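Colleague: Mind folding the following:
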Amino acid sequence: MRILLDTNAYVAWKRGHEGVAQLLRDSEKVYASSVMIGELLAGFRLGSRCGQNARELAEFLADPAVSSVGTDNTTADRYARLVVQLRRKGRPIPTNDIWIAAHALQTGADLISFDAHFGDVDGVAWVHPD
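Modeller: Next comes the predicted model:
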């Protein structure tokens with residue numbers, strides 16, 4: 001199984017959420033969206049443990065099973081299609097989450113998130129951790 005973590009799934013894992021931890025253990029490949037990484041780094045800089053959190057994220061990203069996913073023209077095309085799809089449904093979601101969903105589509109990974117609005121995104125295999 002290949003998974004892509006949403007920001008809230010990474011945070012839950014760091015806080016000991018067993019469902020996310022199990023998904024990580026069961027996965028052959030883990031993708032980290034550059035958008036998720038940016039959201040985490042911003043949160044770290046707003047908090048009191050920036051250095052420690054940044055080091056732990058760097059260790060996570062250095063794991064051979066983890067690959068960072070950047071934004072390219074393919075991602076941009078998927079993002080644009082999702083924006084149109086969601087607006088036509090009358091179900092807009094936060095912009096960063098559309099980018100994360102585009103990365104999930106691009107990698108073919110299951111998107112691990114606690115955000116139910118990913119269920120409105122056609123084509124994304126959304127998994128809510130138990």
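
Colleague: Against which helices or strands is the top helix by length along the chain packed?
Modeller: Criterion DSSP state H: the longest helix present in the chain is helix 73-89. Counting contacts by 3 or more CB pairs under 8 Å, 6 or more residues apart in numbering; DSSP states H and E, helix 73-89 is packed against helix 95-107. Bear in mind the C-beta positions are built from the backbone N, C-alpha and C, glycine included.

Colleague: List the pairing partners of the next helix or strand after the helix it packs on within its sheet, with orientation.
Modeller: Downstream of helix 95-107, the next assigned helix or strand under DSSP states H and E is strand 110-112. Using DSSP bridges, the strands paired with strand 110-112 in its sheet are strand 2-5 (parallel), strand 126-127 (parallel).

Colleague: ok, and for strand 110-112, which residues are buried?
Modeller: The neighbour-count check on strand 110-112 (16 or more other CB atoms under 10 Å) flags Asp110, Leu111, Ile112 as buried.

Colleague: pLDDT (mean, whole number) over that strand?
Modeller: Here strand 110-112 scores 98 as its mean pLDDT.

Colleague: Could you list the residues in contact with it?
Modeller: 1-6, 9, 20, 23, 100-101, 104, 118, 124-127, 129 (CB atoms under 8 Å, 6 or more residues apart in numbering).

Colleague: Phe118 against Trp126, yeah?
Modeller: Yes - between Phe118 and Trp126 there is a contact under CB atoms under 8 Å: 4.0 Å.

Colleague: neighbour count winner among those two?
Modeller: Set Phe118 next to Trp126 and count neighbours by other CB atoms under 10 Å: Phe118 wins out with 21 against 18.

Colleague: Pull the distance from stretch 97-116 to the chain's centre.
Modeller: Relative to its parent chain, stretch 97-116 has a centroid offset of 6 Å by CA atoms, centre = their mean, to the nearest Å.
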